[in-house]
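Peer 1: Dropping the sequence and predicted coords here.
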Amino acid sequence: MIVTYIRSSSYNNYEYCQMQYFITYVLGHQSTSGKKAQLGTIVHKVMECLAHCKKAIQDNPKKKNLSIDEDALGDIKFTTKSLGTKTFVAKILKMSYEYYVENCVHNYTSADFAFCKKLVDAALSYNDGQFDPRNRKIVAAEPQFDIPIMEDWAKYKYTLHDGTEVDGRLAIKGTIDLVTEVDDGIIEVIDWKTGRRLNWATGEEKTYEKLCVDPQLLLYNYAITHLFPEYEQSIMSIYYIKDGGPFSMCFDKSDQKNFLSMLEKRFKQIKRNDFPKPISQNRSHFKCTKLCHFHKNNWPGTNTPICQHVEDNLKSFGYDETVSNCTREGFNIGYYEAPG
């Protein structure tokens, strides 16, 4: 398979289901977010807005009336005093909820809004506001990164299905929820999680020991050392709002080496796989029947699930023709759509 970049979601998705990875990251088809994921996005947006507002105050300490131009919610006006109120949080939550549910395929009820409010309240109140962005010194909210890997093994050269040749270096790309400064030379990365504390590929619970070798946290740690090299030490905190609370890890240079080793292995696994396999050959696994957009929806103009249609193409025509026949129109294999 062609792979030009890896982000935490694609790294984990390959382990979860090779076929889902192929359809998403090589052919460019997007699955519809589940309702729970959409509710999680609403909660994330509230945290992001609060962080942007706090950053605006830091950058303009003498201004009384401030505003941020939020990409989804528009112009948000506030003062230093109003930012710290429950009324302001409720306003941002309402705006976020209305924005994301307006054109969504799912049906929402008052219980869903209450669920989001419960998660926001829990995230902000934990340990007297320890992880409330308003109580932090904000370095960056939702910073994106695109970092080429400068190792010999990271070089690639491919011939695309249309004959175009592409070459370059594998990059890691993504978006980090929040970066804060906790002391001179020390930053803390905070990643909010609204779902369960599980490795969805294996079904195992993510313990502290497993989180210390978690690909996402190691990827973020590697990225943060390149984004903010002026900081000597970084803390990685992953906050499972409704399933265990925050877990914090300190990484060093040896962890960067471990990450590069993991990344090289996954990069080579994907590159040499020209016949990605589904989780279940007969699609009887609950991850296929209950969770997978590509099994539950048919390929346009057919009565065949998207996943099966792509596999049938691989069997009949091989990898190159499948990429030619099944790639989403306008999709660019090297394009990255934030967040992720």
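Peer 2: On my side now, so go ahead.
Peer 1: Check the average confidence over stretch 298-307, would you?
Peer 2: Stretch 298-307 carries an average pLDDT of 96.
Peer 1: okay, how far is it across it, tip to tip?
Peer 2: 8 Å (CA to CA, to the nearest Å).
Peer 1: In it, which residues are buried?
Peer 2: Neighbour-count burial for stretch 298-307, counted by 16 or more other CB atoms under 10 Å, picks out 299, 305-307. The C-beta positions use only the backbone N, C-alpha and C, and glycine is treated the same way.
Peer 1: Need the max-distance pair from these.
Peer 2: 299 and 307 (9.0 Å; CB to CB).
Peer 1: Could you report the neighbour count for residue 332?
Peer 2: Counted by other CB atoms under 10 Å, the residues lying close to residue 332 total 10.
Peer 1: Ramachandran angles for residue 120?
Peer 2: Dihedral pair for residue 120: phi -60, psi -50, per degrees, to the nearest 10.
Peer 1: residues contacting the residue nearest to it when sequence neighbours are not counted?
Peer 2: Distances taken as CB to CB, 6 or more residues apart in numbering put residue 46 closest to residue 120, at 5.2 Å, once the chain neighbours are dropped. Applying CB atoms under 8 Å, 6 or more residues apart in numbering, we find residue 46 in contact with 89, 92-93, 96, 116, 120.
Peer 1: In strands only, show me those.
Peer 2: Assignment to strands by DSSP state E places none of those there.
Peer 1: Next, format these as TSV and append pLDDT.
Peer 2: What follows is the contacts of residue 46, written out as TSV (pLDDT from 0 to 100):
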residue	pLDDT
89	98
92	98
93	98
96	97
116	97
120	98
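Peer 1: Reformat the residues you listed into CSV and put neighbour count and distance to residue 177 next to each item.
Peer 2: Listed next are the contacts of residue 46 as CSV, based on neighbours: other CB atoms under 10 Å; distance: CB to CB, whole Å:
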residue, neighbour count, distance to residue 177
89, 20, 17
92, 22, 16
93, 21, 17
96, 24, 15
116, 25, 16
120, 22, 14
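Peer 1: Filter these down to just the ones in helices.
Peer 2: Among the contacts of residue 46, the members falling in helices are 89, 92-93, 96, 116, 120 (criterion: DSSP state H).
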